[in-house]
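> with the sequence up front, the predicted model follows.
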Amino acid sequence: MHPEKNVVPLLIILFVITSGCLSNEATKVNLSNRSNDFDSSSDSESLRIAVSAIISPDETLIYYQDMFDYLSLKMGVPVKLVQRKTYQEVNDLVRKNSVDAAFVCSLAYIDGKDQFGMEILAVPIVRGEPRYYSYIIVPDDSSIKSLEGLKGKTFAYTDPLSNSGKLSPEYMIAQLGENPETFFKLTFFTYSHDKSIQAVAEKMVDGAAVDSLVWDFKNATDPGFTSRTKIISKSPPYGIPPLVVSKDIDPTLKGKLGKILLQMHEDEKGIEILDRIMIDRFSEANDSLYNSVREMKKVVSDAKRKDT
Amino acid sequence: MLKEKILKINDFIGGGLVRKFVIWIVFIIMLLGVMTTIFVQVSLNKTLTEELHERGQVISRNMATSIVESILIEDTIYVHRLVENTKKIEKDVKYIYITDARGKVLAHTFEGGFPVELLTVQKYLENSSHLLDTGDGIVIDFTAPILDGRAGFVHIGMDETSMHEKIKQTSSAIITITLLVGTLGVLMAYIAGNYLTRPIRSLVKGTEEIGRGNLGYQIKTDSTDEINILSNAFNKMSYNLNTGINELRESEERYRRFVDSISDAVILIDSQKKILSWNSGAQKIFGYCLEEVAGSKINILFYSMNEADNLEIPDGENVFKRKDGSNFPGLISNKPLQDSRNAGNVLVIKDIKEQKEIANLEKLLMRSEKLFTLGKLAAGVAHEINNPLTAISLHTQIMLRKTWDEKTDSRLKIINKETNRAAGIVKRLLEFAHQSEPKIGSVDINSEIDIVLNVLEPQLNSTKITTDLMPLPLIMADGEQIQQVIMNMLTNSIQSITTDGEIIIKTAAKNDHIEISIIDNGCGISQDNIGRVFDPFFTTKKSGEGTGLGLSICYGVIKKHNGLIDVKSRVGTGTTFTIRLPI
């Protein structure tokens, strides 16, 4: 009589059952070696270009990724995309020379030019001209047919320094003889045009003013939200948001960067990238391109001042 | 198979039912406990691991989604806060760290700096989750890409420790419960076993009592279950057994008495003819106790059989041997015990010695009476004839003296001769009738035989007589009469022999008597006649050659001497006369 004979199969079963739990090998890692030396890394070597949140940061990243890679290749240094929540913050970066260049809104450019001598490096040419519009949009099924209809409704602005998303609608309201600050029941800042489109599409607000470049691009590439909105008003053309540099920028760098941009449409890869983001090419531009914006800014501030 | 194993295990356990009961219960409880523990551990491990994975993935993905913008706009404060808050809120999160697309750490929850090695490890691992052994417990590291990795990665380390702690707690709880239940089980099994086996024990006692012969033993039971049924059945069985055995005993006793009451020997033998049993009649007849002969072959009871003989036992008359060596005639009947099977035989042996002796006595009595009557008659006839014969003889002799005529003389001589012969017959008749009392004196039988042989010698012709005479003590007898007897017998034998005859005379001294045997190889006596040879006037000889009185007279003489005379004969082989005379 060997009772242990009966125990053996039991042990085998036990082993089979339990071994399943132990089969995943853990990778050994030693956590004792600590370091705080991560911030202020090797960024100094790279070129920093800021992009204002005309579209939301994640969209921006996707939108500009290829172009930045292209620039990086051409410049021979890594080009870092720097984003901030507001246009003002980007302006501040330019002012403090924290970035070498920046895509800013037309109104932000005027502010920057006025405040610290921000300079235009290049402007995108879209559909043959360096211009864009402000669209007033409402939900697809909204009964509102004009800007007047939005009175007393909720409205989404983009950014305090946005031309198409803030200044232009305010200007249009002022044109109507209304005070832009009291025209709507409630206003929000979404800090990017795609978010404004989404807010209207999902009826979080009754209306919004958006950049025509963003709406058209979205409508062409990803009409999920734009298809649920409709344009009820289109502004006159404004000078397109430019690529700016600080006035203190190294002229060589400025020249090199400007040259790359202006010649981008001349090589195959550049064309491919530009095509994808629906830009014909980059061009030099004159500050006078933004005079209409300067005009509007004056009118609107006058209108606001008048009421207060 | 399983049954054999269980039986083997039961053998191994040994001991009583209670012990087996307790050990089995404990074994089953422990087995169940172990199985439950294993099952719970395995399933809990699986469930908790899955849950941990799910949570890790959900947290990391959620964080990757919600943190994307803050990362892009470099809102490090927000990122730090989110990371810290998430670690604080979510359970089992050991660490969180966020890297940008190039692997630079943007934020982390490690106090006192980021462990650099994590990054190097990260490079080799491609899966969204993997196990890391931090030396302080196993951590599952989850990686969620931010904006498909373009903006960076969220890494969350989920700690398995609390999960294992939970499993450990549950397992130890189950083990504790199992042990508790096991202990309780032992106690309950012991009590229950004792309670359940009490009636079984009383049943065991009952069977032991019955085994000891205490038939009819009754078990007391107060239960109402199957045990009660069993007890009742046992009691009934016990009662029936008792009754049955008693009846059987009575019946057996009755049959024993019945068989013992038979005066004949009733013997039971097996197929090997060995004695199995017998009745008291057999014991009385043969003188053996049953114990002495039980197992012995039946042959020892037969006079003419050796131990090794394996002869069939024939029905009918046979000679048997007693313990003391004496033998006796008996009638045997041999019947098989059962018809079909060779289960042995029943022998019934009837001792017919007494019967035979009685028959002999009766014969003797008859013969005596006959002789007495004949004697009287003969005496009367002889007396009546003797007188005329005397006159005839006297006158014939007178006439012979006075007659010269030759013819007359010869005729007278014939008359005289025949008269003398007649006178001799008459004399013999008178001798037979009167059987004169023997004149007792001390006699040496051997010398008497010699005398007779001397007298007889001239008549012996071609017949040879051999003597084998043993030294004999002197006996009190009438020598003349004994001579006459031997003479008669020898004459008889000689006459029975036709050619080349031989007669042997043997004497021998036995315990209380002497024996004289006269053996011849003559024509013998037929079975019909042998009972009558001692009758007076019985003769097989031609008329005129014998009177038929010789052996009668011998018989009478020996009788007077309180002896015995016996004859054995077979036709064509010879005859043996045996005379026994008391010392």
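Happy to help now that I have it.

> just the buried positions in stretch B:399-414, please.
residue B:412 (16 or more other CB atoms under 10 Å in any protein chain shown). Quick note: C-beta positions are derived from backbone N, CA and C, even for glycine.

> tell me the mean pLDDT over it?
Stretch B:399-414 shows a mean pLDDT of 85.

> would you pull up the residue in chain A closest to chain B?
residue A:34 (3.0 Å; CB to the nearest CB).

> near residue 282, how many other residues are there?
You didn't pick a chain, so chain A it is. 23 (other CB atoms under 10 Å in any protein chain shown).

> hmm, I had chain B in mind actually
Residues contacting residue B:282 under the criterion other CB under 10 Å number 27.

> just the helices in the chain please.
Assuming you mean chain A. For chain A, applying DSSP state H gives helices covering A:4-22, A:57-75, A:87-95, A:106-116, A:168-175, A:180-183, A:193-201, A:212-221, A:251-262, A:268-276, A:291-307.

> think we crossed wires, I meant chain B
Taking DSSP H as the test, the helices found in chain B are B:2-13, B:17-72, B:76-89, B:117-124, B:161-211, B:226-260, B:280-286, B:290-293, B:353-402, B:406-434, B:445-456, B:479-496, B:527-530, B:550-560.

> can I get those helices in CSV with distance to chain A?
Formatted as CSV, the helices of chain B follow (distance: least, CB to the nearest CB, whole Å):
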stretch, distance to chain A
helix B:2-13, 5
helix B:17-72, 3
helix B:76-89, 8
helix B:117-124, 5
helix B:161-211, 10
helix B:226-260, 31
helix B:280-286, 56
helix B:290-293, 47
helix B:353-402, 70
helix B:406-434, 102
helix B:445-456, 90
helix B:479-496, 91
helix B:527-530, 82
helix B:550-560, 90
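
> okay, residue 298: pLDDT?
If you meant another chain, say so; for now it's chain A. Predicted confidence (pLDDT) for residue A:298: 88.

> actually it's chain B I care about, not the one you picked
Note for residue B:298: predicted pLDDT of 84.

> next up, the contacts around it.
B:267, B:269, B:273-275, B:313, B:347 (CB atoms under 8 Å, 6 or more residues apart in numbering or on different chains).

> isn't residue A:48 up against residue A:100?
Yes - the pair residue A:48 / residue A:100 is scored as a contact, 5.4 Å apart, by CB atoms under 8 Å.

> more neighbours: those two, which one.
Set side by side, residue A:48 and residue A:100 show more neighbours around residue A:100, with 24 against 18, by other CB under 10 Å.

> domains in chain B, as residue ranges please.
Annotated domains of chain B cover B:16-214, B:262-351, B:358-434, B:441-582 [automatic domain parsing].

> Throw these into CSV and include distance to residue A:302, thanks.
Shown next, in CSV, are the domains of chain B (distance: least, CB to CB, whole Å):
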stretch, distance to residue A:302
domain B:16-214, 33
domain B:262-351, 144
domain B:358-434, 182
domain B:441-582, 184
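
> could you tell me the least trusted of these?
Averaged per stretch, pLDDT over the domains of chain B is lowest on domain B:358-434, reaching a mean of 80.

> now find how far off-centre it is within its chain.
Chain-centre distance of domain B:358-434: 76 Å, with CA atoms, centre = their mean, to the nearest Å.

> where does the stretch 201-308 of chain A have low pLDDT?
A:306-308 (pLDDT under 70).

> still on that earlier bit, closest one to residue B:18 among the helices of chain A?
With CB to CB as the measure, helix A:4-22 is the member of these nearest residue B:18 (22.9 Å).

> could you list the buried residues of stretch B:151-165?
For stretch B:151-165, burial by neighbour count (16+ other CB under 10 Å) applies to B:151-160, B:163-164.

> report the two of those separated the most.
B:151 and B:164 (34.7 Å).

> one step back: which of the helices of chain A sits most buried?
The highest average neighbour count among the helices of chain A, using mean count of other CB atoms under 10 Å in any protein chain shown, belongs to helix A:193-201 at a mean of 26.

> helices and strands around it, which ones?
When contacts are defined as 3 or more CB pairs under 8 Å, 6 or more residues apart in numbering or on different chains; DSSP states H and E, helix A:193-201 sits against strand A:134-139, strand A:154-157, strand A:207-211, helix A:212-221, strand A:229-234.

> now these in CSV, with distance to residue B:294?
Converted to CSV, the helices and strands packed on helix A:193-201 look like this (distance: least, CB to CB, whole Å):
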stretch, distance to residue B:294
strand A:134-139, 127
strand A:154-157, 129
strand A:207-211, 131
helix A:212-221, 124
strand A:229-234, 128
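
> excluding covalently adjacent residues, which one is nearest to the residue in the stretch 101-250 of chain B that chain A sits nearest to?
Closest approach between the stretch 101-250 of chain B and chain A, counting by CB to the nearest CB: residue B:113, at 3.0 Å. Of all residues beyond its chain neighbours, the one nearest residue B:113 is residue A:34 (3.0 Å), with distances taken as CB to CB, 6 or more residues apart in numbering or on different chains.

> with residue B:554 instead?
Distance criterion CB to CB, 6+ apart; nearest residue to residue B:554, sequence neighbours excluded, is residue B:485 at 4.4 Å.

> what is the neighbour count of that neighbour?
Count around residue B:485 with other CB under 10 Å applied: 29.

> could you do the one 3 residues further on as well?
Counted with other CB under 10 Å, the neighbours of residue B:488 add up to 20.

> so for residue A:134, which of the helices of chain A sits nearest?
Comparison of the helices of chain A against residue A:134 by CB to CB identifies helix A:168-175 as nearest, at 3.6 Å.

> nearest to residue A:95 among the contacts of residue B:298?
residue B:274 (138.8 Å).

> does that closest one really touch residue B:296, like I thought?
Yes - counting by CB under 8 Å, residue B:274 does reach residue B:296; the two are 6.6 Å apart.

> do I have it right that residue A:86 meets residue A:53?
Yes - between residue A:86 and residue A:53 there is a contact at 7.3 Å, judged by CB under 8 Å.

> looking at it, the residue of chain A closest to chain B is touching residue B:112, isn't it?
Yes - using CB under 8 Å, residue A:34 is in contact with residue B:112, at 5.4 Å.

> one step back: please enumerate the shared neighbours of residue A:86 and residue A:53.
Shared contacts of residue A:86 and residue A:53 (CB under 8 Å, 6+ apart): A:159, A:191.

> more neighbours: which of those two?
Ranked by neighbour count (other CB under 10 Å), residue A:86 and residue A:53 place residue A:53 first, with 28 against 18.

> ok, and the closest non-adjacent residue to that one?
Here the residue nearest residue A:53, using CB to CB, 6+ apart, is residue A:192, at 4.4 Å.

> which residues sit in contact with that neighbour?
Contact analysis of residue A:192 by CB under 8 Å, 6+ apart lists A:53-57, A:59-60, A:158-159.

> residue B:70 now?
By CB under 8 Å, 6+ apart, the residues touching residue B:70 are B:78-79, B:82.

> hmm, try it at 10 Å
Residues near residue B:70 by CB atoms under 10 Å, 6 or more residues apart in numbering or on different chains: A:57, A:85, B:76-82, B:98, B:106-107, B:146, B:151.
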